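> sequence first, then the predicted structure:
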Amino acid sequence: MKSLWNDKEAEKFKSDLDLRVYTSRLLGKDSSLVLHGGGNTSVKSTATNLFGEKEEILYVKGSGWDLATIESAGFAPVKMDILLKMSELKELNDTDMVKYQRSAMINPSAPNPSVEAILHAIIPFKFVDHTHTDAVVTITNTNNGEEKIKEIYGDKVLVIPYIMPGFVLAKLIYDMTRDVDWNKLEGMVLMNHGLFTFNDDAKKSYEKTIELVDKAEQYLKHHHATLKTKKQKCHISTLRLAQIRKEISNLKGNATISMLNNSDEAINFSKQNIKHISQQGPLTPDHVIRTKRLPVIIDTNHQKDFKKYIKEYKKYFNDNKKNETLLNPAPNFAILKNHGTLSFGKNVKEASIIKDINNHTFEAILKAEKLGGYKALSAKDIFDVEYWELEQAKLKKSGTSPEFSGKIALVTGGASGIGLAIAKELNTKGAAVVVLDINPTVETIFTASDMIGIKCDLTKSSDIQKAINTAVKSFGGIDIVVSNAGIFTPSENLDSLSDENWKKSMAINLTSHQKLIKYTAPFLRLGIDPVIVMVASKNFPAPGKGAAAYSVAKAGQTQLARIAALELGEFGVRVNTLHPHAVFDTAIWTDEVLKNRAKAYGMSVAEYKTNNVLKTEIKSSNVADLVCAMAGKAFAKTTGAQVAIDGGSDRII
């Protein structure tokens with residue numbers, strides 16, 4: 001492992017806290033050191049209070065912050081004298097610890113201090129770095145792990161037997177180090193937990209972490225505990241993935257993202273003796289909050305496998321409980337035997353975090369197996385962290401999720417205009433969105449983890465099927481289909497209507513919608529509150545001269561939606577249609593076109609935009625709002641309906 005310290009860059013940071021931010025981010029950049037909020041860092045400094053007095057302050061990483069992106073505001077400033085007095089107490093429950101740490105803060109708007117703030121305080125150095133380094137934790141999670149750690153570091157590090165984080169850990173180290181010469185120590189290894197380094201110099205503390213981790217990595221290499229993953233091949237039915245996602249959503253009681261990991265590493269792990277190596281526990285107890293203690297192993301009958309898992313989880317709970325409340329017993333990830341893994345989350349972010357943790361854990365387990373055998377903490381130790389009073393309190397405080405959290409939407413024609421507005425609004429309301437468009441710019445517009453853009457020719461069945469496969473492998477299934485793609489063909493009267501424009505309009509404005517329904521219907525039947533929203537046109541209820549190709553196709557699209565409502569209703573799939581008209585904030589309505597059309601009607605542009613009963617302008621965002629309403633609770637009992645969004649048209653009314 002190499003140091004990322006840059007002297008020139010570091011010179012920019014003058015204050016203690018600025019340097020603390022810099023080195024914290026250096027640690028956070030490397031996922032083999034910390035993952036998703038893991039680890040914590042601190043710096044001891046001074047601050048002047050209201051009365052002009054100097055106070056010793058510990059700036060320690062605040063709860064909820066990630067080292068990779070932490071800022072000064074992410075460090076909680078706590079009075080050192082209070083923390084040191086707390087370390088001398090014989091007993092202190094963690095709820096009171098958090099309360100008194102918070103009361104000792106000099107900035108009440110700062111985040112809660114890390115639960116390891118007291119531990120940071122008693123380490124007698126200015127800078128303290130705590131990581132959950134893969135290499136060190138891998139070695140501690142093996143048979144005779146403590147002996148191996150001592151073999152690597154000798155007496156240069158203090159080895160701390162595993163104990164719960166929080167006050168009891170701080171108290172243990174306080175007691176263990178009363179007669180220790182800290183200046184002779186290069187760090188501390190917490191068994192099954194991680195590494196601490198410290199120094200009065202920011203660079204030296206950071207680089208001591210790098211040095212000690214490098215020694216652990218070299219030890220693994222020397223003992224041939226390295227991995228060479230071969231290219232793996234496997235095929236799994238996307239329909240089966242949707243079935244599994246439907247089942248896990250039912251078990252969790254809400255729509256759930258089910259993210260497939262079919263990387264070479266994940267497939268390789270799923271082909272090992274997983275009944276042994278995957279059923280011992282996580283790499284570090286911190287991960288249990290995300291992953292639970294164990295995954296479900298899915299073989300050929302996922303319903304049977306889920307049932308068995310829940311039965312065993314409830315036994316694990318009953319064997320270890322005191323007065324805790326049972327969490328949802330459904331698993332947070334699955335191993336698909338010989339096919340990779342699935343991570344389950346209430347949203348894409350949560351599922352992605354679990355996937356990342358798993359990737360590191362699988363690698364560590366396989367390395368530990370080569371080093372004498374993987375050995376996780378006991379079920380009781382893991383349970384104590386999973387049902388820790390501080391974590392229980394967080395669960396009770398958790399707010400409500402967005403309306404479409406955990407749901408997966410497929411939106412066509414989403415690179416611009418109405419489709420773009422719909423895709424963004426669905427995502428804002430919590431949905432993972434897959435956006436299709438023939439315009440390749442869709443792939444650059446949507447690059448977030450929960451918004452995928454796919455170039456797709458909707459007249460080609462193969463393109464649609466590939467896009468659906470991507471959606472299901474990425475998120476688990478399909479719940480919402482917004483069939484929005486369409487084109488305006490040139491105005492031509494019937495006696496001069498070209499065959500080319502007629503065929504083009506039918507292919508895109510009608511047949512593409514039929515194809516989309518055909519290929520998404522099997523997945524919608526497995527969706528959560530599934531719905532299709534057809535974006536048609538005012539030209540169906542109120543056609544105009546010269547628009548035969550467009551109007552007839554839109555009439556067919558509307559009729560298609562009505563038939564789909566009849567056929568899919570027994571599976572709980574709702575199908576509703578909206579008819580937008582005169583939506584002017586789209587690419588086709590340039591300033592010049594608007595000006596010319598308004599002039600042709602003898603109106604100003606403003607008058608032309610509001611030429612409807614309500615005298616209001618219709619925007620893409622208004623259409624997006626109606627789509628979300630149709631996809632949500634407002635239309636939960638409605639199917640086969642048609643709703644105009646046009647400000648009121650006297651021709652339709």
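Yep, it's here. Residues are numbered from 1 along each chain as shown.

> residue 130 bridge partners, please.
With DSSP bridges applied, residue 130 shows beta-bridge pairing to residue 40, residue 196.

> what's the spacing between the residue nearest to residue 611 when sequence neighbours are not counted and residue 399?
Once flanking residues are discounted, residue 611 sits nearest to residue 603: 6.7 Å by Cβ to Cβ, 6 or more residues apart in numbering. Glycine gets a C-beta too; all of them are placed from N, C-alpha and C. To residue 399, residue 603 is 48 Å away according to Cβ to Cβ, to the nearest Å.

> again, but for residue 573
Residue 573 sits 30 Å away from residue 399, taking Cβ to Cβ as the criterion.

> and for residue 83?
In terms of Cβ to Cβ, residue 83 sits 30 Å off from residue 399.

> try residue 72
Distance from residue 72 to residue 399, by Cβ to Cβ: 26 Å.

> kindly report the same for residue 254.
Counting by Cβ to Cβ, the gap from residue 254 to residue 399 is 14 Å.

> which of those two has more neighbours?
residue 254 (14 against 4; other Cβ atoms under 10 Å).

> which SS state does the residue lying closest to that one once chain neighbours are set aside fall under?
Closest residue to residue 254 apart from its sequence neighbours, by Cβ to Cβ, 6+ apart: residue 406 at 5.8 Å. Following DSSP: H, G, I helix; E, B strand; the rest coil, residue 406 is assigned to coil.

> hang on, residue 406 packs against residue 255?
Yes: counting by Cβ atoms under 8 Å, residue 406 touches residue 255, with 3.3 Å between them.

> which one of the two is surrounded by more residues?
Neighbours per residue, other Cβ under 10 Å: of residue 406 and residue 255, the larger number sits with residue 406, 28 against 25.

> pull the contacting residues for residue 556.
506, 509, 510 (Cβ atoms under 8 Å, 6 or more residues apart in numbering).

> what's the neighbour count on the residue lying closest to the second one once chain neighbours are set aside?
Spatially, and ignoring its direct neighbours in sequence, residue 509 is nearest to residue 553 (3.5 Å; Cβ to Cβ, 6+ apart). Using other Cβ under 10 Å, the number of residues around residue 553 comes to 29.

> check the gap between residue 553 and residue 520 for me.
Taking Cβ to Cβ, one finds residue 553 at 20 Å from residue 520.

> ditto for residue 162
In terms of Cβ to Cβ, residue 162 sits 50 Å off from residue 520.

> more crowded one of those two?
The neighbour comparison of residue 162 against residue 520 (other Cβ under 10 Å) goes to residue 520, with 24 against 16.

> if I pick the closest residue to the more buried one other than its chain neighbours, what's in contact with it?
Of all residues not flanking residue 520 in the chain, residue 481 sits nearest, at 5.1 Å (Cβ to Cβ, 6+ apart). Contacts of residue 481 were listed using Cβ under 8 Å, 6+ apart, and they are 409, 410, 516, 517, 520, 524, 531, 532, 533.

> those: which two are farthest apart?
Spanning the widest gap among the contacts of residue 481 are 409 and 517, at 15.2 Å by Cβ to Cβ.

> compare these two (neighbour count), which wins?
residue 409 (30 against 22).

> quick check: beta-bridge partners of the more buried one?
With DSSP bridges applied, residue 409 shows beta-bridge pairing to residue 433, residue 480.

> what's the spacing between it and residue 415?
For residue 409 relative to residue 415 (Cβ to Cβ), the value is 16 Å.

> low-confidence regions, the protein specifically.
392-398 (pLDDT under 70).

> kindly report the domain assignment for it.
For the chain, automatic domain parsing gives the domain ranges 7-222, 238-397, 408-583+618-645.

> can you show me the strands along the stretch 301-450 of the chain?
Using DSSP state E, counting those that start in this stretch, the strands of the stretch 301-450 of the chain run over 333-336, 340-345, 408-412, 432-437.

> as TSV, the ones you listed with distance to residue 644 would be great.
Shown next, in TSV, are these (distance: least, Cβ to Cβ, whole Å):
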stretch	distance to residue 644
strand 333-336	45
strand 340-345	38
strand 408-412	21
strand 432-437	25
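
> tell me which residue lies farthest from the centre of the protein.
Farthest-out residue of the chain from its mean C-alpha position, per Cα atoms, centre = their mean: residue 495, at 55.8 Å.

> that one belongs to a helix?
Yes: under three-state DSSP, residue 495 falls within a helix.

> how close does it get to residue 545?
Taking Cβ to Cβ, one finds residue 495 at 12 Å from residue 545.

> could you do residue 19 as well?
Computed as Cβ to Cβ, the residue 19 to residue 545 distance reads 74 Å.

> compare those two (neighbour count), which wins?
When residue 19 and residue 545 are compared for neighbours, residue 19 comes out ahead with 21 against 9, by other Cβ under 10 Å.

> who are the packing partners of the helix or strand harbouring the more buried one?
Assigned by DSSP states H and E, residue 19 belongs to helix 16-28. Judged by 3 or more Cβ pairs under 8 Å, 6 or more residues apart in numbering; DSSP states H and E, the packing partners of helix 16-28 are helix 7-10, strand 40-48, strand 54-61, strand 75-79, strand 127-131, helix 202-222.

> residue 138 is nearest to which of those?
Across the helices and strands packed on helix 16-28, closest to residue 138 is helix 202-222 (Cβ to Cβ), at 6.9 Å.

> residue 479 versus the most centrally placed residue in the chain, what's the distance?
Central residue of the chain (Cα atoms, centre = their mean): residue 349, 0.7 Å from the mean position. Residue 349 is 18 Å from residue 479, where distance means Cβ to Cβ.

> do residue 344 as well
15 Å.

> again with residue 632
Between residue 632 and residue 479 the distance is 11 Å, computed by Cβ to Cβ.

> and residue 116, by the same measure?
41 Å.

> which of these two has more neighbours?
residue 479 (27 against 23).

> now do the contacts for that one.
Applying Cβ under 8 Å, 6+ apart, the residues near residue 479 are 255, 407, 408, 409, 431, 524, 527, 528, 529, 530, 531.

> same question for the first one, what's its three-state structure.
Think residue 255. Residue 255 is classified as coil under three-state DSSP.

> which ones are touching it?
249, 404, 405, 406, 407, 479, 528, 529.

> mind doing that once more with 6 Å?
249, 406, 407, 528 (Cβ atoms under 6 Å, 6 or more residues apart in numbering).

> how close does it sit to residue 635?
Applying Cβ to Cβ to residue 255 and residue 635 gives a distance of 17 Å.
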